[in-house]
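**Q** my questions concern the predicted model and sequence given below.
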Amino acid sequence: MVQRLRIGIVGTGMTANVIAQAIVDSAMADLSAIASCRLEIAQTFAHKYGAAQAFDSWKKMLAWEGIDAVYVAVPTIAKEAVCIAAAQAGKHVLADKPFADLNSLECITITCQVNKVAFMDATHFVHHPRTQHIHTHAQNKIGVAQAVRTSFFFPTVNKHSNLRFTPEVERTDTLGDMAWYAMRAVVEFLPDTPLRTVETFIQRDDKTNTIIRAAGILTFENDSTSAWDICYNADVCNVDLDILGTTGMISLDDFVLDWTKGSAADDPEHTVGYIVRNRIASSGNFQFVATPSAKTQQALMIEDFVALVHSGYDDEEYKASIDSSRKTQALLDAVWDKVNQ
C-alpha cells in the first residue's frame, strides 16, 4: 500500500482553496498544514479543510516535521525562493504556475533533483482521463496533429484585488497566468519540434497598463502551428481547444476547467468528453467520446503527484514531468519576449 503524503500549503488564495479541497478529496494524501503571513487567516483556512497546523511563516512550516511535501501558491515573485527552500528542506514540491521565467524554473527543478525530491507544476487538465484518452486515440481518430487552437476567456475580474493586475508581484501578469494553458496544450498535443516564429498581439488596460487581452500564433520547424487567444475584458467564460490532424479534428469546449467538476461552474449532469469531426460531417454526425471521471482533475493531480513522489527522482515519469514544465515555460518566455520587443 502506498504511504499517504502529508502536504502543507503555502498561501490561502482562491487557487489554494481549490487544491486544499483536492487534497481532501484525494485517496492518497492528507492536508497537514497551512502557512500564511497572517496567523488568523492560516488558522481559519486550516479549520475549514481540517489541517492539523497553521503557521504565520512558510519557513516555520518547512521546518516542521509533520509534512512531506508543499503546494506553493504564492505570487510569482516569491515562488522560486519558496520552492527552493522547500526542496532544500527535503520536501517534495507541487508549484502553481507560471514561473518568473525558464531560468527561475530551472533553478527550482535542479534544486529538486539535487535534493532528490519530486517536482510537478500544478496544471490540472493534463491529469484528467480525457487528456490521456486523447493521447492514446488521437492518431487513429484524426491522424497526425498539425495545429492546435486554444482560447481562454474569463469574465472581467476585480482589478484592485487580483494579483494578476500587479506586475511587481506577477512578472508576466495576466498573460503568464492564462497563456500558460495555451502553451501547455502545444506541449501536450503537438509533435515536439523546435519553435520557428512567434507573433503576438496585446491590449493593455487603460488604468493599470496590465495586459487584458492577447492573441498570437506560433509556428514550428515541422510546419505545425498554434493559434491562441486570451482575455479578461469580455464578460464570458470560454475555454476551447481544437486539435487539427491530417484526417480530422478533435474539439473541446472546457479544456482548462471541465464543466462537470471544474470548480468554476460545476454541472453534475454534464458528461465530460471530446468531439471528433471527420470529412464533411454535419453537427448531427459528430462523434462524441465520453471520458467521465469520478474525481476532479485537481484531486487526480494530487494522486499523480503522490505517485511521482513514490516513483523516485530518477524515474522516467519524473523526468517527463519536469520536461513538460520546462517546455511550457520556454514557449511562454518566447511569447513574453515578443511582447516586450
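**A** Sure, I can see it.

**Q** against which helices or strands is the host helix or strand of Met301 packed?
**A** With secondary structure defined by DSSP states H and E, Met301 is part of helix 297-311. Contact analysis of helix 297-311 by 3 or more C-beta pairs under 8 Å, 6 or more residues apart in numbering; DSSP states H and E lists strand 5-10, helix 14-25, strand 29-35, strand 92-95, strand 119-121, helix 316-339 as its packing neighbours. All C-beta atoms are positioned from the backbone trio N, CA, C, and that covers glycine.

**Q** Pro191 is nearest to which of those?
**A** The closest of the helices and strands packed on helix 297-311 to Pro191 is helix 316-339. By C-beta to C-beta, the value is 12.1 Å.

**Q** buried set for that closest one?
**A** 318, 321-322, 324-329, 331-336, 339 (16 or more other C-beta atoms under 10 Å).

**Q** ok, of those, which one's closest to Cys83?
**A** The shortest separation between Cys83 and any of these is 11.5 Å, and it belongs to Ser325 (by C-beta to C-beta).

**Q** from Thr271, how far off is the closest one?
**A** With distances defined as C-beta to C-beta, to the nearest Å, the gap from Ser325 to Thr271 amounts to 30 Å.

**Q** run the chain-centre distance for the helix holding Met301.
**A** 14 Å (C-alpha atoms, centre = their mean, to the nearest Å).

**Q** got the angle between that helix and helix 14-25?
**A** Between the axis of helix 297-311 and that of helix 14-25 there is an angle of 70 degrees, by axes from the mean of the first three to the mean of the last three C-alpha atoms, to 10 degrees.

**Q** convert the C-alpha atoms of helix 297-311 to CSV, please.
**A** As requested, the backbone C-alpha atoms of helix 297-311 are provided in CSV (Å, rounded to 0.1, in the frame of the first residue of the first chain):
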residue,chain,number,x,y,z
GLN,A,297,-8.9,16.7,-12.2
GLN,A,298,-7.4,18.6,-9.3
ALA,A,299,-7.8,15.5,-7.0
LEU,A,300,-6.3,13.3,-9.7
MET,A,301,-3.4,15.7,-10.0
ILE,A,302,-2.7,15.2,-6.3
GLU,A,303,-2.8,11.4,-6.7
ASP,A,304,-0.5,11.6,-9.7
PHE,A,305,1.9,13.8,-7.6
VAL,A,306,1.9,11.2,-4.8
ALA,A,307,2.7,8.5,-7.4
LEU,A,308,5.5,10.7,-8.7
VAL,A,309,6.9,11.0,-5.2
HIS,A,310,6.9,7.3,-4.7
SER,A,311,8.3,6.5,-8.2
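
**Q** dump the helices and strands packed on helix 297-311 to TSV, plus distance to Leu244 and mean pLDDT.
**A** Conversion of the helices and strands packed on helix 297-311 to TSV gives the following (distance: least, C-beta to C-beta, whole Å; pLDDT from 0 to 100):
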stretch	distance to Leu244	mean pLDDT
strand 5-10	39	98
helix 14-25	31	94
strand 29-35	38	98
strand 92-95	32	98
strand 119-121	26	97
helix 316-339	18	95
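
**Q** of all those, which lies closest to Ser151?
**A** Here helix 316-339 is closest among these (C-beta to C-beta), at 15.1 Å.

**Q** show me the contact partners of that closest one.
**A** Contacts made with helix 316-339 from outside it, assessed by C-beta atoms under 8 Å, 6 or more residues apart in numbering, are listed as 97-99, 101-102, 105-106, 109, 112-113, 118-121, 123, 126, 172, 175-176, 179-180, 183-184, 186-188, 192, 195, 198-200, 202, 211, 214, 216, 218, 307-308, 311-312.

**Q** show me which of the residues you listed are buried.
**A** Members of those that pass the buried threshold by neighbour count (16+ other C-beta under 10 Å) are listed as 97-99, 101-102, 105, 109, 112-113, 118-121, 123, 126, 172, 175-176, 179-180, 183-184, 186-188, 198, 200, 202, 211, 214, 216, 218, 308.

**Q** contacts only, for Val82.
**A** Residues counted as contacts of Val82 (C-beta under 8 Å, 6+ apart) are Val10, Trp58, Val70, Val72, Val74.

**Q** what about it, distance to Asp101?
**A** Using C-beta to C-beta, one obtains 16 Å as the distance from Val82 to Asp101.
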